[in-house]
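Colleague: Below is the sequence, then the predicted model.
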Amino acid sequence: MLGNSSVMRLLKIGVYYSAYLEQFYARCPNLASEAYSVQHAALMDDCFGSANFWTAALNNLGYETCDIVANAEPMQTMWAKEQGLKFDQSHWLFDITAAQIKAFRPDVLLVADYSTLTAVFLRHLKDICPSIRLVLGWCGAPFQDGSIFYECDIVLSCVPELVSRFQENGHRSRHINHAFDPRVLRKIDVRAPTNADFVFLGSLVKSDQFHIGRERILSKLIRETDLRIWSDAGQQSSSAQQRSTPFSVPAGNDKRAVAGFRPSQWRRYLSAVPLLAPIIRRASRLILGGLDQSASPTVDHDVRLRSNPPLFGLNMFQQLHDSRVALNTHIDISTFNASNMRLFEATGVGTCLLTDWKSNLSGLFELDSEVVAYRDEDECVEKVEYLLGHDSERRCIAAAGQRRTLRDHSFAHRAAQLDGVIFEALT
C-alpha cells in the first residue's frame with residue numbers, strides 16, 4: 001500500500017449478469033427484504049465473477065474497500081431506503097450508485113464494467129466526489145464503444161492483445177492476469193466425489209472476436225467424446241446472457257445487465273438527462289437489438305441440445321471440482337495469449353485442466369505436468385481420451401495445477417501487483 005499515514009480507500013463498481021441475479025434471488029426468495037448488509041454479504045459469499053476477491057485481498061494490504069454491484073436492484077434499492085435516499089425510478093441504477101460512491105469517498109475507483117456505465121457518468125462521479133484521485137478501468141473482451149476508457153487514468157486487462165490495442169490508442173494500460181481466491185475451497189464440498197468425466201462450463205457468443213473457435217471445437221467434441229456442457233448456448237439468445245459481449249466486460253456484466261430498464265424507461269431517462277441522450281440512444285439500440293434472437297447467428301444445433309443451463313458462482317466451482325477434466329477455450333480476441341478466468345478457477349479447485357495452447361501458457365503453468373494443452377480439435381480429443389484412460393496421471397496433473405495456482409495465481413498475488421500500479425500512478 002502507499003506509504004503514507006492515511007488509509008487508501010478503493011471502491012470497485014461491478015455489474016453482474018442479469019441471468020445470474022435472477023437465479024440468485026430465486027434461490028433466496030426472502031433475501032430481497034433483508035438489510036443491504038445481509039444481501040451484500042450473501043451475494044459476495046456466492047463467489048460470482050470476481051465477487052469481493054480483489055477488495056478482500058487489498059484489505060489485507062491495508063486498503064479500506066467497498067464493492068458495489070450496481071444492477072442488483074433489490075440490494076441497491078434497500079440501501080437507498082436505509083439511507084433515506086430519493087431516486088428516480090427510471091434511472092435508479094445511476095442515482096443509487098452515484099450516491100454510494102459519494103458516501104464512501106474513494107481515492108481509487110476500480111470500474112469493472114464498460115457497458116452499463118458511461119464516460120459521462122464517470123465524469124459526473126468525478127464532479128460530485130472530489131476525493132477520487134485515480135480511475136482504473138478493467139476490460140477483458142471486445143467492445144464497440146470505448147469512450148469510457150478515455151475517462152480512466154489506467155485501463156487494466158487480462159488480455160495482452162487488448163493492452164497493446166489500448167496503448168496504441170493512447171491509453172495508459174497495464175496487464176494483470178485473473179486469479180483464484182482460496183476462500184472458495186472453504187465454501188464448496190472438496191470431499192465430493194466426481195460426477196462427470198469431461199466438462200465445459202462457460203459462455204458461447206457466436207460473434208466475431210468472441211467464440212467462433214469455441215463453437216467449432218465444441219461441435220467436434222460432442223461428436224467424439226462424452227463432453228457435458230453447462231452454458232447459455234442452449235438458450236438461443238446466448239449473446240444476451242454473457243460477460244463476453246460487444247457491450248460488456250468479464251467481471252460479470254452483459255447486454256441485459258441494465259436490470260430494471262425497459263424501453264419506456266430508456267425514453268424517460270433520455271428526457272430526464274439530456275446530456276446523456278446520444279450515448280443512451282446508442283446503448284439502447286445495441287442493448288435492445290441484442291435481445292432480438294434473430295440478431296445473432298444461431299449456435300450449432302447439436303451444441304445447444306447438449307447444453308445444460310449455465311452454472312454461476314459456487315455452483316460453477318462445485319461442478320468444476322466434481323469433474324475429472326475441464327475444457328478451456330479462449331475468446332477469439334486472445335489470439336496468442338492464455339488470459340481467461342477458467343485457467344485459475346479450474347486449477348484452483350483441483351480439476352485437471354485441458355486448455356488451448358497459447359504462447360505464454362508455459363509461463364503460467366508447467367505443460368503436461370500442471371495443465372495439459374492442445375493445439376487443435378484432433379489433439380484435444382486425443383488428450384482427453386488419454387487423461388481419462390490414465391487416472392493416476394490425471395490426478396497428479398490436477399494436484400500439481402492446484403498447487404501452482406495457490407502458490408502463484410491467487411488474488412493476494414494480483415492485489416500486490418495492483419497495489420504497485422496504484423503506487424506508481426499516485427506518486
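Modeller: Cool, the structure landed.

Colleague: Wait, a helix at Ile397?
Modeller: Yes. Assessed by DSSP: H, G, I helix; E, B strand; the rest coil, Ile397 belongs to a helix.

Colleague: Could you report the pLDDT at the spatially closest residue to it that is not a sequence neighbour?
Modeller: Setting aside the residues directly before and after it, Ile397 is nearest to Cys352 in space (CB to CB, 6 or more residues apart in numbering), at 5.2 Å. To be clear about C-beta, it is placed using only N, CA and C from the backbone, and glycine gets the same treatment. Cys352 is assigned 98 on the pLDDT scale.

Colleague: Bridged to Cys352, which residues?
Modeller: Beta-bridge partners of Cys352, counted by DSSP bridges, are Val325.

Colleague: Could you measure from Phe87 over to Ala35?
Modeller: 18 Å (CB to CB, to the nearest Å).

Colleague: Neighbour count: these two, which is higher?
Modeller: Neighbour count, other CB atoms under 10 Å: between Phe87 and Ala35, Phe87 has more, with 16 against 13.

Colleague: Please look at the more buried one and Ile96 and confirm they touch.
Modeller: Yes. If you go by CB atoms under 8 Å, Phe87 and Ile96 touch, sitting 5.8 Å apart.

Colleague: so where do the strands sit in the protein?
Modeller: With DSSP state E as the criterion, the chain has strands at 9-14, 64-69, 108-112, 134-138, 154-157, 173-175, 196-201, 228-230, 307-308, 323-328, 352-356, 372-374.

Colleague: who's in contact with Ala338?
Modeller: 330, 355-356, 358, 360-361, 364 (CB atoms under 8 Å, 6 or more residues apart in numbering).

Colleague: rewinding a little: and the gap between the residue nearest to Ile397 and Arg228?
Modeller: Relative to Arg228, and taking CB to CB, Cys352 is found at 15 Å.

Colleague: Which of the two has more residues huddled nearby?
Modeller: Set Cys352 next to Arg228 and count neighbours by other CB under 10 Å: Cys352 wins out with 28 against 19.

Colleague: Contacts only, for that one.
Modeller: So Cys352 contacts 324-326, 371-372, 387, 394-395, 397-398, 401 (CB under 8 Å, 6+ apart).

Colleague: same check, this time on Val381
Modeller: Contacts of Val381 by CB under 8 Å, 6+ apart are 220-221, 224-225.

Colleague: And these, which is closest to His413?
Modeller: Checking these against His413 by CB to CB gives Leu221 as the nearest, at 32.4 Å.

Colleague: The closest residue in space to Thr116 that isn't next to it in sequence - how many residues pack around it?
Modeller: Of all residues beyond its chain neighbours, the one nearest Thr116 is Val15 (4.8 Å), with distances taken as CB to CB, 6+ apart. Close neighbours of Val15, defined as other CB under 10 Å, add up to 31.

Colleague: so what's Val15 scoring on pLDDT?
Modeller: 96.

Colleague: Pro142 now?
Modeller: 76.

Colleague: from memory it sits against Ser334, does it?
Modeller: No. Look at Pro142 against Ser334 with CB under 8 Å: they stay out of range, at 10.1 Å.
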